[in-house]
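Student: Pasting a predicted model and its sequence here:
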Amino acid sequence: MNIILGSASPRRRELMKGIDIPFTCVSINADEHFPATLKAGDIPLYIARQKAKAYKSQLTKDDMLITADTIVWLNAQMLGKPHSEDEAKQMLRLLSGKTHQVYTGVCFTWFNRQSQSWDEYTLVDKTDVTFRELDEDEIQTYVERYRPLDKAGSYGVQEWIGYVGVTSMQGSYFNVMGFPIEKVYMFLRSHLSVCRQVNG
């Protein structure tokens, strides 16, 4: 089975490489708007499924597509990717001294040869992250030096701000990077083993 990672994120690509399962990458343009009634982990899961739907017509029966989306959730408010440096700084001010949640939704799409239909498996992972109080110089320095405009919540835990600002974490570190690779690996290991048994 050909594993396809539907993501332009260098972090997701790096994590996929780390589990030694061959894969290819594609970038997917999908509508990432979501119903206002959705909350917390339902939001990235909905968007991950939208990404899968946008690419599904290009899949062959030998492909498995993996799509994902990540959000930061603070006090019942979603923090997505900032549109400017000023917005990034404001997000970090909101996160300073507080505990927030990082949710990632993952969607697997493949053709089931037994049922002769397309199947889908989804999961949502959550990690609680606590920042100490960040001073204005730290926020300014991080945003201007690292320009985290492509990151939910305006930060990368694997960057300087994560080293100096995160005081505790409950859950998967890799989920905070944007991809709960442990759970992705466990599903792939299980599913690919089943496929080998079915196909002999």
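Tutor: Happy to help now that I have it.
Student: from here on, contacts and neighbour counts on C-alpha atoms
Tutor: Noted.
Student: quick one: buried residues of stretch 81-97?
Tutor: By 16 or more other CA atoms under 10 Å, the buried positions in stretch 81-97 come out as 81-82, 85, 87-93, 95-97.
Student: Please disregard the earlier target; I meant stretch 1-12.
Tutor: Buried, per 16+ other CA under 10 Å, within stretch 1-12: 2-7, 9, 11-12.
Student: Show me the two of those that sit farthest apart.
Tutor: Greatest spatial distance in those: Asn2 and Arg11, 20.4 Å, computed using CA to CA.
Student: What ranges does this protein have for its strands?
Tutor: 2-6, 24-26, 63-74, 77-79, 99-112, 117-131, 166-170 (DSSP state E).
Student: strand partners of the fifth one, parallel vs antiparallel please.
Tutor: This points to strand 99-112. When pairing is defined by DSSP bridges, strand 99-112 lines up against strand 63-74 (antiparallel), strand 117-131 (antiparallel).
Student: average pLDDT for it?
Tutor: For strand 99-112, the mean pLDDT works out to 97.
Student: Report the distance from that strand to the chain centre.
Tutor: Distance of strand 99-112 from its chain centroid, counting by CA atoms, centre = their mean, to the nearest Å, is 7 Å.
Student: Now do it against strand 2-6, angle only.
Tutor: For strand 99-112 against strand 2-6, the angle by axes from the mean of the first three to the mean of the last three CA atoms, to 10 degrees is 140 degrees.
Student: repeat for the last one
Tutor: What separates the directions of strand 166-170 and strand 2-6 is an angle of 130 degrees, with the same axes, to 10 degrees.
Student: now the strands paired with strand 99-112 in a markdown table, with mean neighbour count, mean pLDDT and distance to Ser154?
Tutor: Converted to a markdown table, these look like this (neighbours: other CA atoms under 10 Å; pLDDT from 0 to 100; distance: least, CA to CA, whole Å):
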| stretch | mean neighbour count | mean pLDDT | distance to Ser154 |
| --- | --- | --- | --- |
| strand 63-74 | 24 | 97 | 9 |
| strand 117-131 | 17 | 97 | 13 |
